[in-house]
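S.K.: model this:
(chains A, B, C, D, E and F)
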Amino acid sequence: MSMTPFRVPVVPTLKKETFISLYRKGMRIDDRDLFTPRKIEIETGVIEKAEGSALVKLGNTKVLAGVKIEVGTPFKDTPNQGVLTVHAEFVPLASPVFEPGPPDENAIELARVIDRSLREVGAVDLESLVIREGEKVWIVWVDLYVIDHDGNLFDASMLAAMAALRTAKLPDYEEYETGEIEVLKDKSQGPLKINHTVVTVTTAKVGDYIIVDPTLDEETIADSRMVVAVDEQGRIVGLQKTGEAGYTREEIQKVFNISQGAAKVYFKSLEEALARKG
Amino acid sequence: MSMTPFRVPVVPTLKKETFISLYRKGMRIDDRDLFTPRKIEIETGVIEKAEGSALVKLGNTKVLAGVKIEVGTPFKDTPNQGVLTVHAEFVPLASPVFEPGPPDENAIELARVIDRSLREVGAVDLESLVIREGEKVWIVWVDLYVIDHDGNLFDASMLAAMAALRTAKLPDYEEYETGEIEVLKDKSQGPLKINHTVVTVTTAKVGDYIIVDPTLDEETIADSRMVVAVDEQGRIVGLQKTGEAGYTREEIQKVFNISQGAAKVYFKSLEEALARKG
Amino acid sequence: MSMTPFRVPVVPTLKKETFISLYRKGMRIDDRDLFTPRKIEIETGVIEKAEGSALVKLGNTKVLAGVKIEVGTPFKDTPNQGVLTVHAEFVPLASPVFEPGPPDENAIELARVIDRSLREVGAVDLESLVIREGEKVWIVWVDLYVIDHDGNLFDASMLAAMAALRTAKLPDYEEYETGEIEVLKDKSQGPLKINHTVVTVTTAKVGDYIIVDPTLDEETIADSRMVVAVDEQGRIVGLQKTGEAGYTREEIQKVFNISQGAAKVYFKSLEEALARKG
Amino acid sequence: MARKDNVTLFREDGTRLDGRKPDEMRPIKMEVGVLDNADGSALVEFGRTKVLAAVYGPREPVQKYIVIPDKAVLRVRYHMAPFSTSERKSPAPSRREVELSKVIREALEPVVLTDQFPRTAIDIFIEVLQADGGTRTTGLTAASLALADAGIPMRALVGGVAVGKIQGRLVLDIDEVEDNYAEADMPVGAAPDIGLITLFQINGVMTREEVMKGLDMALEAINRIVEMEKEVLKSKYMKVEV
Amino acid sequence: MARKDNVTLFREDGTRLDGRKPDEMRPIKMEVGVLDNADGSALVEFGRTKVLAAVYGPREPVQKYIVIPDKAVLRVRYHMAPFSTSERKSPAPSRREVELSKVIREALEPVVLTDQFPRTAIDIFIEVLQADGGTRTTGLTAASLALADAGIPMRALVGGVAVGKIQGRLVLDIDEVEDNYAEADMPVGAAPDIGLITLFQINGVMTREEVMKGLDMALEAINRIVEMEKEVLKSKYMKVEV
Amino acid sequence: MARKDNVTLFREDGTRLDGRKPDEMRPIKMEVGVLDNADGSALVEFGRTKVLAAVYGPREPVQKYIVIPDKAVLRVRYHMAPFSTSERKSPAPSRREVELSKVIREALEPVVLTDQFPRTAIDIFIEVLQADGGTRTTGLTAASLALADAGIPMRALVGGVAVGKIQGRLVLDIDEVEDNYAEADMPVGAAPDIGLITLFQINGVMTREEVMKGLDMALEAINRIVEMEKEVLKSKYMKVEV
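M.R.: Numbers count the residues shown, from 1 in each chain, chains lettered A, B, ... in the order given. This is a model prediction of the structure:
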């Protein structure tokens, strides 16, 4: 059952007015303009035992993504494809309001939006992940681990997922006469095949303003948010309105305009980090 | 852990006296006599995608039953039989006191009593549900969905289960060389084979009176209830005392007498509805 | 999440002082000296339908152990071994503070310490439990059922586990042409092969004193406990510090000294009970 | 629910596989006060079926919101030990255990004087240690003894036994083998001193005549069971008084 | 997400497999007040998709700690009946159901006047009885009607419909078969009377132009859906007045 | 618990597979204040084992009923990231994680001055980011640093390390490969400044002499670990002061 969240503190009205008066001047509390994301740091290969991994810092928000690749069985209706699974955990060390326990509706929504945005455009080449059609395929687990929450978990998570996937190695394996597959954890067949690169751009609507990459403070006073996933060709590959307010048709136009610019920033950061890596 | 339920409101003592004084005159608040069930409406085929379905209205109580038939493995000790499984959900839209969550003791008891009453007499011909002995059989799922609770969920549920089973179609299938079975959802082998038809008759004990088909108001003030399952031959094929009071031997005799008459009413309604259907 | 337990009543300070003043004189409230366990009664074969069973009374603490032996699949990395699994339940009839529900951290810790102490030394001969290498092995379930809690559940549980295992019979089976295994519950291949016998000795630290086999009252006022598992050769085969205080190096030496003596008492009781059995 | 094929459960002389006559119960053992922590406890055996019951209360429940202003809440848990059954039972509560907890609670509600202890809980924990048929009725009997042992005021003691229909014949106190091949199983619980049947279920197919005949067999047996309960309680408290 | 291979979902004349034109919705049925216990209820069908919604409240929530001092808490559960899908759905809530409960709640938050009922809960239960595509938007439409039927004050009614992109073409109100082969699925919910889009998702690949064109198709259709809602509500209450 | 067969874990010169001497620890890294939201945090690495710890509190717990009148409640969660292990770990807490949360909490209880903060909770969250042996002792070390970083008053800092027995020899700070083939694994946690061993477990078979010798190896190493903790904390706060 989804429930209206209780926003602590109830005072943000005042804060909201302060923020809006800054937005009116094209400014934000952290010295950004309305359409620029925070500073982005992307470090890959941070978990050596994972097949791929990345730590993303988006301002003070920190998300760790780990990719594990294991042998499993394909879905019945896609016998000639591997499986991509995205899972997110908001572990309690990331925020005073996160509780231990199974993922709540926010973590589930985040994982599912990231998952769909990768899956629908075919970001990971699932056809290349078949070991024995209909029987044995590679399962690609993307685990998103939020470790410091200062707003905009979507964009940081997608950057982390993408950086981890782009640097992931497909393990090698040996096939026994019995048909059993042994994964050779220390040997690799080469990189995981990636067909498309995706980023999400989250904008928040605060009063009449649309701002990019909201901080936690801004999310708290925001009316609603829109998460737009785009690929390297500029196509929209996913979208989610999240939050308690509605949008006019014009606002949606505006969101698309703003998202385009921010997407470029994200792509640039991502490609630079990956190029640095080699 | 089973707990004494807290009956809200605590005032029903007064209501109970009013009801009993009516019973004394052979009357009930809704103008029935003590031994007649409420108006029964049975509509089958309401969920076209299910293999069988029925909506039963018993007064204001509404129960939907859906039958799904899928391929599965038989129980180890009955390799030459299909499987019948009954499950009940008291979804929260049916009553202000139903909570979301897994079935509570009342829903579990209802499902198990219906299940046993169907199973023990062999209502569904499980032998006819074998595809490959010991390996592949049809699993018949009967899902009972209470959508409006105005008392006597047992009788409404059994009528719905029976109407759905009697109108259910067994899907056709194709067997591949590999031994795999593909269910052809759109083709049918013909009707599910039913050997016996069962109804339950629920009576409530209120003071010295035994009344048939209690409403929710009557259940609230009732001392206890008896659910008697009978088949088309008049045999008792299941029974459950449910509720917090005990019965004398004489009261049990009386329950059987009263149940016989009501069973006929239920059978008549059921057969008429099925005949109408064609 | 593990939480500091709330000790009811908060008054034990007084009780603690009383106990310590007795310890100073080498005495305990129940007339034992500091290093002697309570009276031990071991009865085996109490659950005839289990492959092995024992009821252990250690003072007023009572633990029932049942061994069930079933056919299953081996772990992937030990294809030539059967499986030993220890599980503990603190059922609510054993104590006013036990709640119904899945095992809490105390029950899990107890089961895991017992499990490791048996497993690491190879108490049960797992190699003798292979039916078909890599495919079918015997699974040995040891279920510990605490039915009366008066302190020192570890030692009572290990005695019960060991007595049940030492008297357990391995069922016979028939193998069909299809490769299926049918267990013949009423026939036995002979006793379960046991390579080593293990007991645990629990000592409590109360102020400056180390006492053996604490009662529940003593556990309530104890600073911490040490559980030392030893085998029949006197080797240490497991150890767990449990409780909220630390130990000095000297206290640990003292714990080992004291545990040695108590272990002999446990071994003697166990062997006598098993010899009596036949 | 095993195959009901050509197995015979009667010997030529009409007795059952274990030598019992159709209306004969298995050997019954009852013991009270078997646990130290519980306020009351009992161990009851019907043949190889062994059930332990413990009572705590009246006491303040941990979850305060469950109290009822004008009486005690009865809380009953019927639970099977993992080693109690032929195949190991998973310790998680099954749907069967949930149902039987309810059925046993409702069999005790008519006899416990809950209105003497408003706003409290009386907790009854039933642990099946070995299951060989009739565990719910044995559990009810053990619960009755444990309540009495705990000093909880009761209108009357209750006892229970199951009647089975096997190859067309009614037999008393069926064990697990018989149950597996029975056409019907009818557990009955009653408080003979106040003439009330408080637990009543039928699983299987019976005529109305069979039901009433079986019910009378059960009630007659429960009379004897409750007399045994009284003996056991008396002898315990006589011992105490000595 | 099945194979998107060489299946054609259009006939030669450009109509869809079920004969609909690209911008044609399936037959819609709406009925309010279908349940007796709920404070408000509605059954809405889009073709073979059938969704039932019920509203309870404003009422005091069972868990008191969830209340908000200055407005009502909206609680929404989107749930699928086990028999609603081609393969039986396990009754345990799936991750998809958790997400859609949130998405639908957030599509209702902008229209329900929750500040009129501080410290209460308004519970909206949505049961998918048959799933044939568009269950979340049908559910949103049913919830809007059920809220109105319960007399909950609202800024505006909401309605929803999904647009799909199939073989490069945009089509309105896609059903399950179309969804299985679609390149994109775009569910939209809106309150036309206040000009707000309150539910908006895209699953799949679209250009920005396609998105805006699809959005306009959806909004135009939602206009008609909300008009139908008004008719249904009016005729119910006219009947009542008669 | 893999096969303990003929694998050799020592080179001819007596050093271990990774070149370490028997009493040599892996390279250790410690960093504090790595997270922004937490009141205190630390990242500690022992070789490839990486563990992050965060502390929140003293604060009012969400569930108010858990408070203790005369001291703070310590709450510890030891949890492994799904990608931390060779085979992906399911995120649901395992029995092992439940036990280790308790063991680590009990290793911290003797040093945290909980009586200074009655009726509050101090929450310690330990996330294993990469598991390569010694995660519980690395976690304990990280928790000690995070508590100090959060400014929670402590009697002393604690540190931990595991000693292993491999092919009859005692080795310090075993890694995962060594652990898989070890005869025994003995994790130790201690607060050297107050002379207390606060975490102590043995998994495997050892003589008493081996235990004491291993304990001394561990205590000597923990001395050095705690000195490192002090350095790291000093340098952080020196930096802050600059």
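S.K.: quick one: name the residues of chain D near chain C.
M.R.: With the criterion set to C-beta under 8 Å from any C-beta of the partner chain, chain D comes near chain C through D:35-38, D:41, D:48, D:50, D:52-54, D:56, D:59, D:62, D:77, D:79, D:81-88, D:91-92, D:123, D:125, D:127, D:129-132. C-beta: built from backbone N, CA, C; applies to glycine.
S.K.: does chain B sit close to the longest helix seen in chain D?
M.R.: The residue-count maximum for a helix in chain D (DSSP state H) belongs to helix D:208-241. Yes - Helix D:208-241 reaches chain B (C-beta under 8 Å from any C-beta) through D:208, D:211-212, D:215-216, D:219.
S.K.: and that helix, what does it pack against?
M.R.: If contacts are counted by 3 or more C-beta pairs under 8 Å, 6 or more residues apart in numbering or on different chains; DSSP states H and E, helix D:208-241 sits against strand B:236-242, helix B:249-277, strand D:28-32, helix D:135-149, strand D:159-166, strand D:169-172, strand D:184-191, strand D:196-206.
S.K.: indicate which one of these is closest to chain F.
M.R.: Closest approach to chain F among those (C-beta to the nearest C-beta): helix D:135-149, 28.9 Å.
S.K.: need the CA coordinates for that closest one. PDB is fine.
M.R.: Presented in PDB, the C-alpha positions along helix D:135-149 are these (Å, rounded to 0.1, in the frame of the first residue of the first chain):
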ATOM      1  CA  THR D 135      -2.900 -34.300  17.400                       C
ATOM      2  CA  ARG D 136      -5.500 -31.500  17.600                       C
ATOM      3  CA  THR D 137      -7.800 -33.400  20.000                       C
ATOM      4  CA  THR D 138      -4.700 -34.500  22.100                       C
ATOM      5  CA  GLY D 139      -3.600 -30.900  22.100                       C
ATOM      6  CA  LEU D 140      -7.100 -29.800  23.200                       C
ATOM      7  CA  THR D 141      -6.900 -32.300  26.100                       C
ATOM      8  CA  ALA D 142      -3.400 -31.100  27.100                       C
ATOM      9  CA  ALA D 143      -4.500 -27.500  26.900                       C
ATOM     10  CA  SER D 144      -7.500 -28.200  29.200                       C
ATOM     11  CA  LEU D 145      -5.100 -29.800  31.800                       C
ATOM     12  CA  ALA D 146      -2.600 -27.000  31.500                       C
ATOM     13  CA  LEU D 147      -5.300 -24.400  32.100                       C
ATOM     14  CA  ALA D 148      -6.400 -26.200  35.200                       C
ATOM     15  CA  ASP D 149      -2.800 -26.700  36.300                       C
END
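S.K.: tell me the angle that helix makes with strand D:28-32.
M.R.: Interaxial angle of helix D:135-149 relative to strand D:28-32 (axes from the mean of the first three to the mean of the last three C-alpha atoms, to 10 degrees): 30 degrees.
S.K.: next, the angle strand D:196-206 makes with helix D:135-149.
M.R.: Using the same axes, to 10 degrees: helix D:135-149 against strand D:196-206 is 170 degrees.
S.K.: in three-state terms, label the closest residue to residue A:254 other than its chain neighbours for me.
M.R.: Take residue A:254 and drop its neighbours on the chain: the residue closest to it by C-beta to C-beta, 6 or more residues apart in numbering or on different chains is residue A:210, 5.3 Å away. Under DSSP: H, G, I helix; E, B strand; the rest coil, residue A:210 falls in the strand class.
S.K.: pLDDT at residue A:210, what is it?
M.R.: Here, the pLDDT recorded for residue A:210 equals 98.
S.K.: the residue lying closest to residue D:162 once chain neighbours are set aside and chain E, how far apart?
M.R.: Once flanking residues are discounted, residue D:162 sits nearest to residue D:187: 4.3 Å by C-beta to C-beta, 6+ apart. Distance, residue D:187 to chain E, by C-beta to the nearest C-beta, to the nearest Å: 29 Å.
S.K.: other residues contacting the host helix or strand of residue D:75?
M.R.: Under the criterion of DSSP states H and E, residue D:75 resides in strand D:73-80. Strand D:73-80 has contacts (C-beta atoms under 8 Å, 6 or more residues apart in numbering or on different chains) with B:1-4, B:6, C:91-92, C:100, D:61, D:66-67, D:89, D:93, D:97, D:100-102, D:104-105, D:108-109, D:112, D:114, D:120-128, D:131, D:135-136, D:139, D:143.
S.K.: so how do I select the buried members of those in PyMOL?
M.R.: Of these, the buried ones go into a single PyMOL selection, burial set by 16 or more other C-beta atoms under 10 Å in any protein chain shown:
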select buried, (chain B and resi 1+2+3+4) or (chain C and resi 91+92) or (chain D and resi 61+67+89+93+97+100+101+102+104+105+108+109+112+114+120+121+122+123+124+125+126+127+128+131+135+136+139+143)
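S.K.: can you list the residues of the stretch 1-150 of chain A near chain F?
M.R.: So the stretch 1-150 of chain A meets chain F at A:47-50, A:53, A:60, A:62, A:64, A:66-68, A:70, A:87, A:89, A:91-96, A:99-100, A:102-103, A:141, A:143, A:145, A:147-150 (C-beta under 8 Å from any C-beta).
S.K.: low-confidence regions, the stretch 1-150 of chain A specifically.
M.R.: Within the stretch 1-150 of chain A, the ranges that satisfy pLDDT under 70 run A:7-11.
S.K.: ok, now chain D?
M.R.: Applying pLDDT under 70 to chain D flags residues D:1-6, D:239-242.
S.K.: show me what contacts the residue most central in space within it?
M.R.: The structure's chain D has its C-alpha centroid closest to residue D:137; by C-alpha atoms, centre = their mean the separation is 2.3 Å. Taking C-beta under 8 Å, 6+ apart, we find residue D:137 in contact with D:46, D:159-162, D:187-189, D:199.
S.K.: then residue D:97?
M.R.: D:78-80.
S.K.: and the residue of chain D nearest chain A?
M.R.: When distances are taken as C-beta to the nearest C-beta, chain D reaches nearest to chain A at residue D:92, 17.2 Å away.
S.K.: residue C:101 is in contact with that residue, correct?
M.R.: No - using C-beta atoms under 8 Å as the test, residue D:92 is too far from residue C:101 to be in contact (9.9 Å).
S.K.: three-state assignment of residue D:129?
M.R.: Here residue D:129 is recorded as strand under three-state DSSP.
S.K.: and it, how many neighbours?
M.R.: 25 (other C-beta atoms under 10 Å in any protein chain shown).
S.K.: just checking, it touches residue D:53?
M.R.: No - counting by C-beta under 8 Å, residue D:129 stays clear of residue D:53, with 10.8 Å between them.
S.K.: hang on, the earlier thing: in JSON lines: the contacts of residue D:137, plus distance to residue B:42.
M.R.: Shown next, in JSON lines, are the contacts of residue D:137 (distance: C-beta to C-beta, whole Å):
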{"residue": "D:46", "distance to residue B:42": "44"}
{"residue": "D:159", "distance to residue B:42": "42"}
{"residue": "D:160", "distance to residue B:42": "38"}
{"residue": "D:161", "distance to residue B:42": "40"}
{"residue": "D:162", "distance to residue B:42": "36"}
{"residue": "D:187", "distance to residue B:42": "33"}
{"residue": "D:188", "distance to residue B:42": "34"}
{"residue": "D:189", "distance to residue B:42": "36"}
{"residue": "D:199", "distance to residue B:42": "33"}
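S.K.: out of the residues you listed, who's nearest chain B?
M.R.: Ranked by distance to chain B (C-beta to the nearest C-beta), the contacts of residue D:137 are led by residue D:199 at 6.6 Å.
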